[in-house]
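Peer 1: 3D model of this:
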Amino acid sequence: MFSNCSLLRSIILLIFVVCSFSLQGQEVFTKKSAPKKALKWYKRAEIIPDDQSTKKEAAFNKLIEKYPGFVDPYIDLAFLHYQQNRLNRAKETVAKAIELDPEYKANHYLILANYCKELLDIDGEEQALQEFLTRTKSEKRKLAVSKRLKNLQAKREILKDIEPIQIKKLPTTINSVEHAEYKPVINLENDHIIFTRRINGQEDFYESFKKEDQWLEATAIKALNTPGNEGAHTISTDGKWIIFTKCDAPKRYRSCDLYIAKNDKGSWSEAQFMSNINTDAWESQASFSPDGNTIYFSSSRNGGQGGKDLYSIEYTNGSWGDVQNMGDVINTSGNEEAPFLHPDGQSLYFMSNGHPGLGGQDLFMSIKQFDGSWSEPINMGPAINSTKDEGGIFIDLQGEYAYFSKTEKGDQGKINSDVYRFKLPSKYKPQAATYVKFQLFDAISQKAISANVQIEELPSKQSKTEVIGKEGHVIIVNPEKTYRLTIEKENYIFHSEKARFDIETEELHPIEYEIFLNPIPVELVQDTLPPVALRNIEFESGKATLLPSSYSELNTLIKLMMEHPEMHVLLNGHTDNVGNTEDNVILSRQRAESVQQYLMQQGISMDKISIQAFGESRPIQSNDTAIGRAANRRIEFQIIYPN
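Peer 2: Next up, the predicted model:
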């Protein structure tokens, strides 16, 4: 008996000249040489339907009891054990068949190797594969098994790196007892989940909301569900767009295709066929980049590295570009599927059976490099991967928790799929991320408006401009960076902010801005508009010397004044409460004068600029925190329309 899949050399060396012989006093035979009565019993057991597994198993056991040297029933019985998830018994039973007749069929060694693989018995798998190679005549199978043998060393290395994790199944409000749930996607706030549920072969979207830290009963998303099947979805970071897969919808092309829908004030639009991506091949499992301008997906189209490859497509200059294969670092001769790009914009997670792994489809991680290339994918280890196919993974904004679906075979052989969550091991964590959310209003009418926001990351000074729509806007940011934000809209006074995060507390709370933009009056009026803080004006510490980093924001003010030559400005200087009160008044005046001087140097007439100094007397936040004190150290401007 091969108790640990060890193929004993003493048995392998036995050469059987005839198919029927005596082993320890028992007659050994196969179907080819079986007595008529034994063969008759075997055929009766063989035709018992698979859904009568108990009866079928009893028949083979009875046959083996009567004819213990009959090799073939052991193979059938081993498969029944495997179907019932009794892997050790499956392994032991096929090993017995090999012990009875080592030279009967080369394929028996491959079956044994597969059972050892399921049990992560690498030594046993390796020995069985080597014995198979010495017996098979198929060059194609030799090539495949040789590749598998090479990957075993990588598997040994993967198994060394075990960081224990605790996988927790989501509650029954999401995971039903009788149906399959998979492909979870969570919103930025971690209080809304959308997943796929399969009921009698019908795949539909369901959603659940979290209330008082508890997930509510999931309900179907009727606006997206159809009589066909929907699934494998991704949602943009702002929650406005969903891309998902349909595999049996009326369409121009064959196989599975990608569709997109927009959420407008809580209602989903009719899904549109993505003609810029879909082909006559299989397209599925999309993922948005954080800014929504790149879509990653899996496809079986021609021209790839293997069966299914990962691809990307970018939106630039107002239109979608060409679909690009993600290259041979990511893609292999096998299948790569279920890409998920974390909101950090760098950490890519996907599943593959082409990279060295533990089983079927393992989960891998790759990091986007500075030059845009991808790092060599790393297997996410035995704590996450198993010998089965792993489902796609979703990781929350802060990179703390991962959500995925796990398919398991129960004691009775029933396949179950549920949604799980676990704390991500540090090795596989993405860069932490958080977000800044904007909602803009007209200060007079109180109605929602749209505008452009210029985003400058510090200290890199990389900048970009995005549109804040009437429904609001979200940008994903690195909490270790500081961001200068300037919001501009024609015929409105601009607004600026400096977004920074208190990373020392590890409470990476997002920043949400509700901003009221003041319209510039159409007609001249004798009035002073409300003050607007210049959040990105900076001075040398404790001094009034203006730093060059301030020029960009002051140039925006200069541009506004030159476009409206009738405007005058009142500059208000403020400080925090550190130091002497009188000194703070002096410092606030000197800093306002420095801004005045810069404006004059750029062509603004001195008679259009007035100054007020308030020192520490008008704080807008608490002076008890560093962030509050920084907010209170400010220069404001007010638009004045003089007589």
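Peer 1: go ahead and confirm Leu110 touches Ala128.
Peer 2: Yes. Contact status for Leu110 versus Ala128: in contact at 7.3 Å, counting by Cβ atoms under 8 Å. Every C-beta, even on glycine, is put in place using the N, C-alpha and C of the backbone.
Peer 1: of those two, who's got more company?
Peer 2: Each of Leu110 and Ala128 has its neighbours counted (other Cβ atoms under 10 Å); Ala128 has more, 30 against 20.
Peer 1: in which helix or strand does the more buried one reside?
Peer 2: If you go by DSSP states H and E, Ala128 is part of helix 122-135.
Peer 1: mean confidence score for whatever helix or strand comes next after that helix?
Peer 2: As assigned by DSSP H and E, the chain's next helix or strand after helix 122-135 is helix 139-160. In this model, helix 139-160 has an average pLDDT of 87.
Peer 1: from the chain's centroid, how far away is helix 139-160?
Peer 2: Offset of helix 139-160 from its chain centre (Cα atoms, centre = their mean, to the nearest Å): 28 Å.
Peer 1: and that helix, what does it pack onto?
Peer 2: Counting contacts by 3 or more Cβ pairs under 8 Å, 6 or more residues apart in numbering; DSSP states H and E, helix 139-160 is packed against helix 122-135.
Peer 1: taking helix 139-160 as reference, get the angle to the helix it packs on.
Peer 2: 170 degrees (axes from the mean of the first three to the mean of the last three Cα atoms, to 10 degrees).
Peer 1: tell me what helix 122-135 is packed against?
Peer 2: Under the contact definition 3+ Cβ pairs under 8 Å, 6+ apart, helix 122-135 sits against helix 107-118, helix 139-160.
Peer 1: so, low pLDDT: which residues of the stretch 251-400 of the chain?
Peer 2: Low-confidence segments of the stretch 251-400 of the chain (pLDDT under 70): 251-254.
Peer 1: can we see that at 80?
Peer 2: Along the stretch 251-400 of the chain, segments meeting pLDDT under 80 span 251-255, 265, 359-360, 386-391.
Peer 1: now swap in the stretch 401-550 of the chain and tell me
Peer 2: Applying pLDDT under 80 to the stretch 401-550 of the chain flags residues 407-416, 501-508, 521-529.
Peer 1: can you tell me how far the residue sitting nearest the centre point of the chain sits from Ile194?
Peer 2: Closest to where the C-alpha atoms of the chain average out (Cα atoms, centre = their mean) is Phe340, at 3.3 Å. Going from Phe340 to Ile194 by Cβ to Cβ, to the nearest Å gives 14 Å.
Peer 1: what of Ala592?
Peer 2: From Ala592 to Ile194 the distance is 51 Å (Cβ to Cβ).
Peer 1: and Lys388, by the same measure?
Peer 2: Distance from Lys388 to Ile194, by Cβ to Cβ: 24 Å.
Peer 1: okay, the two: which has more neighbours?
Peer 2: Neighbours per residue (other Cβ under 10 Å) separate Lys388 from Ile194, with Ile194 holding more: 21 against 16.
Peer 1: so which strand or helix has the more buried one?
Peer 2: Ile194 is part of strand 192-199, with elements assigned from DSSP H and E.
Peer 1: same question for Glu336.
Peer 2: Secondary-structure assignment from DSSP H and E places Glu336 in strand 336-341.
Peer 1: got the contact list for the helix or strand that that strand is followed by?
Peer 2: Sequence order places strand 347-352 as the next helix or strand after strand 336-341, per DSSP H and E. If you take Cβ atoms under 8 Å, 6 or more residues apart in numbering as the criterion, strand 347-352 is touched by 296, 310, 330, 332, 334-342, 361-368, 374, 377, 380, 389-393, 395, 399, 430-431.
Peer 1: output strand 347-352 as PDB, nothing but the C-alphas.
Peer 2: What follows is strand 347-352, C-alpha atoms only, in PDB (Å, rounded to 0.1, in the frame of the first residue of the first chain):
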ATOM      1  CA  SER A 347      -1.400  46.800  -6.800                       C
ATOM      2  CA  LEU A 348      -2.800  44.300  -9.200                       C
ATOM      3  CA  TYR A 349      -4.400  41.100  -8.100                       C
ATOM      4  CA  PHE A 350      -5.500  38.300 -10.400                       C
ATOM      5  CA  MET A 351      -5.900  34.600 -10.700                       C
ATOM      6  CA  SER A 352      -3.900  32.300 -12.900                       C
END
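Peer 1: could you pull out the strands for the stretch 401-550 of the chain?
Peer 2: Under the criterion DSSP state E, counting those that start in this stretch, the stretch 401-550 of the chain contains strands at 401-409, 415-423, 434-442, 451-458, 463-468, 473-477, 482-488, 495-499, 511-517, 527-528, 532-534.
Peer 1: circling back to that earlier point, how much does the strand holding Ile194 deviate in direction from strand 415-423?
Peer 2: For strand 192-199 against strand 415-423, the angle by the same axes, to 10 degrees is 160 degrees.
Peer 1: any idea which of the helices and strands packed on helix 122-135 is most buried?
Peer 2: A comparison of the helices and strands packed on helix 122-135 by mean neighbour count, using mean count of other Cβ atoms under 10 Å, puts helix 107-118 on top with a mean of 23.
Peer 1: can you dump the C-alpha atoms of that one in PDB for me?
Peer 2: Written as PDB, here are the backbone C-alpha positions of helix 107-118 (Å, rounded to 0.1, in the frame of the first residue of the first chain):
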ATOM      1  CA  ASN A 107      -2.600   6.900 -16.300                       C
ATOM      2  CA  HIS A 108      -3.100   5.400 -12.800                       C
ATOM      3  CA  TYR A 109       0.100   7.200 -11.700                       C
ATOM      4  CA  LEU A 110      -1.300  10.500 -13.000                       C
ATOM      5  CA  ILE A 111      -4.500   9.900 -11.000                       C
ATOM      6  CA  LEU A 112      -2.400   9.200  -7.900                       C
ATOM      7  CA  ALA A 113      -0.400  12.400  -8.600                       C
ATOM      8  CA  ASN A 114      -3.600  14.400  -8.800                       C
ATOM      9  CA  TYR A 115      -4.900  13.100  -5.500                       C
ATOM     10  CA  CYS A 116      -1.500  13.800  -3.900                       C
ATOM     11  CA  LYS A 117      -1.700  17.300  -5.400                       C
ATOM     12  CA  GLU A 118      -5.100  17.900  -3.700                       C
END
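Peer 1: now do that helix against helix 122-135, angle only.
Peer 2: Put simply, helix 107-118 runs at 160 degrees to helix 122-135, going by the same axes, to 10 degrees.
Peer 1: so Met365 touches Pro377, yeah?
Peer 2: Yes. Using Cβ under 8 Å, Met365 makes contact with Pro377 at a distance of 6.6 Å.
Peer 1: turn the helices and strands packed on helix 122-135 into TSV, including distance to Ile415.
Peer 2: Formatted as TSV, the helices and strands packed on helix 122-135 follow (distance: least, Cβ to Cβ, whole Å):
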stretch	distance to Ile415
helix 107-118	15
helix 139-160	25
